[in-house]
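>>> Please find the sequence and the predicted model below.
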Amino acid sequence: MISILDLFRIGIGPSSSHTVGPMRIARRFVRHLHSDGKLDHVAQLRVSLQGSLALTGVGHGSVEAVILGLLGEHPSRIDPNAIPGLLAKVSSTQLLPLPHGPTIGFEPKRDILLDAHVMPELHPNGMLLQAFDASGALVSKETYYSTGGGFYASEKQLRSPVPNDTISAISEAVYAYASGAELLQLCERENKAIAEIVLANEDEIRSRADTIAGLDAIVTAMLGCIDRGLHTPGILPGGLNVRRRAPEVYNRLVDGVGNNEAERLLDWLNVFALAVNEENAAGGRVVTAPTNGAAGIVPAVLKHYACAEDKGPEVARQFLLTAGGVALLYKMRASISGAEMGCQGEVGVACSIAAAGLAAIWGGSPTQVASAAEIGMEHNLGLTCDPVGGLVQIPCIERNALGAVKAVNAARLALHSTERPKVSLDQVIETMRQTGIDMSSRYKETSQGGLAVNVIAC
Ligand code: SF4
């Protein structure tokens, strides 16, 4: 089982699969060269971005992420404000100082290849990394796949009989579960809420205090992201000239002119989600929830319903533990990668897990929480990924606002339900998986179909 602290990963925008994952992979490659005693022999590095990473890598900042990873930077620790300076230095000097190793010549256009013609068989987000010595002989070569949400896997991991891309796994979870049905059985048998089951499992990999600190850090990062988004006007990078709308909507809301309560509820959810996804599109600090493209839904619902001043920190923790526990099911049984599942695997999953978290803090039973998660996904099935210009802006930013509102409604519907749901959470997850497999690759983070070909990116 995977830790939920790996699902809610503090990183940078604009994409968990195309920015955070490639950055971590590049960093790992250099660290492996160092630990294998090969780094001092390296005179040239070459990185091939393949499949979806190549097709939307420019708009998703994948090339820049690879450079940062090769420099040894980590997505959770890098200062987003320092990124332009680091990249400009590599570009102007055409030199790359490898951490704990030599400084090598490096030309991003020559050394990072966008191999869109290569569609990897194992996963659509492939990365081939090669290191050469001064004579041009191969020193090392590794292939990795960025599998969504900042996770990655080696070729060996994905080829194993039980494919596995977990970084820190709970090998012996007290309450191991591999399906929604098993999770609900555990809740019933132990007379515990989903959040309690998940927290007990987290105890297997770190102390309770560290898990609580990790959850609180996630909440702080999510709220900080909203706050920056609400107060940062301007035009988003990438050339689409998309204006950041959150500050304007926020100011109108604060002024409180002319809105009734129902309108204001929607406006608050919308503006929190817009704030996060505009920060994400600008390359700012965000939390994968469970991906960057869908990073606005969980924080918007969390801030509006779990972080009011009269609520203690336990409410937000319960929300995240429940949402994370359900997200694990999507990760284990299907995928949270837009390149594999389309947007149903990103915004759909975020809507589903936010609905689960909300139903839990509103006092829903485990069955109602699972039902909220099911409804949140059921009405996102078939959602395609077709970002205009390969940027995580249109439709992604507004789609998060819509997802946040839908999550609240899913929780309401579930809490009013008195019958056993006709569709189970496991059934909807499996339906999402099958739909994702059937979906044309044009609608899976390649920008080759949908809005991406009908809206002129200028
Ligand atoms: S359309 Fe959805 S899946 Fe695709 S990049 Fe945007 S948020 Fe991610």
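That came through fine.

>>> Can you name the residues of the stretch 251-400 of the chain that neighbour the ligand?
Contact residues, the stretch 251-400 of the chain versus the ligand (CB under 6 Å from any ligand atom): Gly293, Ala294, Gly338, Cys343, Glu346, Val347, Cys385, Pro387, Val392, Pro395, Cys396, Arg399. (C-beta placed from N, C-alpha, C; glycine too.)

>>> care to break this structure down by domain?
The chain resolves into domains spanning 15-159, 180-204+206-454 when parsed by automatic domain parsing.

>>> now for those domains, which one comes closest to Leu5?
For Leu5, the closest of the domains of the chain is domain 180-204+206-454, at 4.7 Å, according to CB to CB.

>>> For the stretch 201-350 of the chain, which residue gets nearest to the ligand?
Gly293 (2.6 Å; CB to the nearest ligand atom).

>>> Lowest mean pLDDT among the helices and strands of this structure, which one is it?
The weakest-scoring helix or strand in the chain, judged by mean pLDDT, DSSP states H and E, is helix 155-159 (a mean of 90).

>>> Pull out the buried positions in the helix or strand that contains Tyr144.
Using DSSP states H and E, Tyr144 maps to strand 138-148. For strand 138-148, burial by neighbour count (16 or more other CB atoms under 10 Å) applies to Val139, Ser140, Glu142, Thr143, Tyr144, Tyr145, Ser146, Thr147, Gly148.

>>> And that strand, how far out from the chain middle?
Strand 138-148 sits 20 Å away from the centroid of its parent chain (CA atoms, centre = their mean, to the nearest Å).

>>> who does it pair up with?
Strand 138-148 pairs in its sheet with strand 125-132 (antiparallel), strand 151-154 (antiparallel), by DSSP bridges.

>>> Tell me how far the lengthiest helix in the chain lies from the chain's centre.
Using DSSP state H to define each element, the chain has its longest helix at helix 208-230. Average the C-alpha atoms of helix 208-230, do the same for its chain, and the two points are 15 Å apart (CA atoms, centre = their mean).

>>> helices or strands next to that helix in the packing?
helix 4-7, strand 10-12, helix 194-202, helix 246-255, helix 261-281, strand 285-287, helix 297-306, helix 313-333 (3 or more CB pairs under 8 Å, 6 or more residues apart in numbering; DSSP states H and E).

>>> got the contact list for it?
Helix 208-230 has contacts (CB atoms under 8 Å, 6 or more residues apart in numbering) with 5, 8, 10, 199, 202-203, 206, 244, 246-247, 250, 271-272, 274-280, 284-287, 289, 295, 298-300, 302-303, 307, 313, 316-317, 320-321.

>>> are any of these buried, and which?
5, 8, 10, 199, 202, 244, 246-247, 250, 271-272, 274-280, 284-287, 289, 295, 298-300, 302-303, 307, 316-317, 320-321.

>>> ok, back up a step: any idea which element the residue of the stretch 201-350 of the chain closest to the ligand lies in?
Going by DSSP H and E, Gly293 is not part of any helix or strand.

>>> quick one: average pLDDT of stretch 80-92?
Regarding stretch 80-92, the rounded mean pLDDT is 97.

>>> can you check stretch 223-242 too?
The average pLDDT for stretch 223-242 rounds to 97.

>>> ok, is that stretch in contact with the ligand or not?
No - residues of stretch 223-242 contacting the ligand under CB under 6 Å from any ligand atom: none, with a closest distance of 12.5 Å.

>>> Endpoint to endpoint, that stretch covers what distance?
Using CA to CA, to the nearest Å, the end-to-end distance of stretch 223-242 comes to 23 Å.

>>> Could you list the low-confidence segments of the chain?
The model of the chain has pLDDT under 70 over residues 161-162, 164-171, 258, 457-458.

>>> and the spatially most central residue of it, what is it in contact with?
For the chain, the residue nearest the mean C-alpha position is Thr291 (1.4 Å; CA atoms, centre = their mean). Residues near Thr291 by CB under 8 Å, 6+ apart: Ser15, Ser16, Ser17, Gly148, Gly149, Gly150, Ile336, Ser337, Gly338, Glu346, Val349, Ala350.

>>> one more time with 7 Å
Ser16, Ser17, Gly148, Gly149, Ile336, Gly338, Glu346 (CB atoms under 7 Å, 6 or more residues apart in numbering).

>>> I'd assumed Met341 was in contact with the third one.
No - in this structure Gly148 lies outside contact range of Met341 using CB atoms under 7 Å: 8.2 Å.

>>> joint contacts of those two?
Taking CB under 7 Å, 6+ apart as the contact rule, Gly148 and Met341 both touch Ser335.

>>> can you tell me how far the most far-flung residue of the chain relative to its centre sits from His41?
Distance from the centre of the chain peaks at Ser135, with 40.1 Å (CA atoms, centre = their mean). Using CB to CB, to the nearest Å, we find Ser135 at a distance of 10 Å from His41.

>>> hmm, back to that, between the strands paired with strand 138-148, which one is nearest to the ligand?
strand 125-132 (12.3 Å).

>>> Quick one: check that closest one for contact with the ligand.
No - residues of strand 125-132 are not located near the ligand by CB under 6 Å from any ligand atom, the shortest gap being 12.3 Å.

>>> Tell me which residues are up against that strand.
Taking CB under 7 Å, 6+ apart as the rule, strand 125-132 contacts 17, 21-22, 25-26, 29, 33, 42-53, 118, 120, 138-147, 337, 339.

>>> before we move on, the earlier item: now for the buried residues of strand 138-148, which pair is the farthest apart?
Maximum pairwise distance among the buried residues of strand 138-148 (CB to CB): 29.8 Å, between Val139 and Gly148.

>>> nearest spatial neighbour of Arg27, skipping sequence neighbours?
Sequence neighbours aside, Gly69 is the residue nearest to Arg27 in space, at 4.0 Å (criterion: CB to CB, 6 or more residues apart in numbering).

>>> list the helices and strands the helix or strand hosting the one you found packs on?
Using DSSP H and E, Gly69 falls within helix 62-70. Applying 3 or more CB pairs under 7 Å, 6 or more residues apart in numbering; DSSP states H and E, one finds that helix 62-70 contacts helix 21-35, strand 44-51, helix 83-93.
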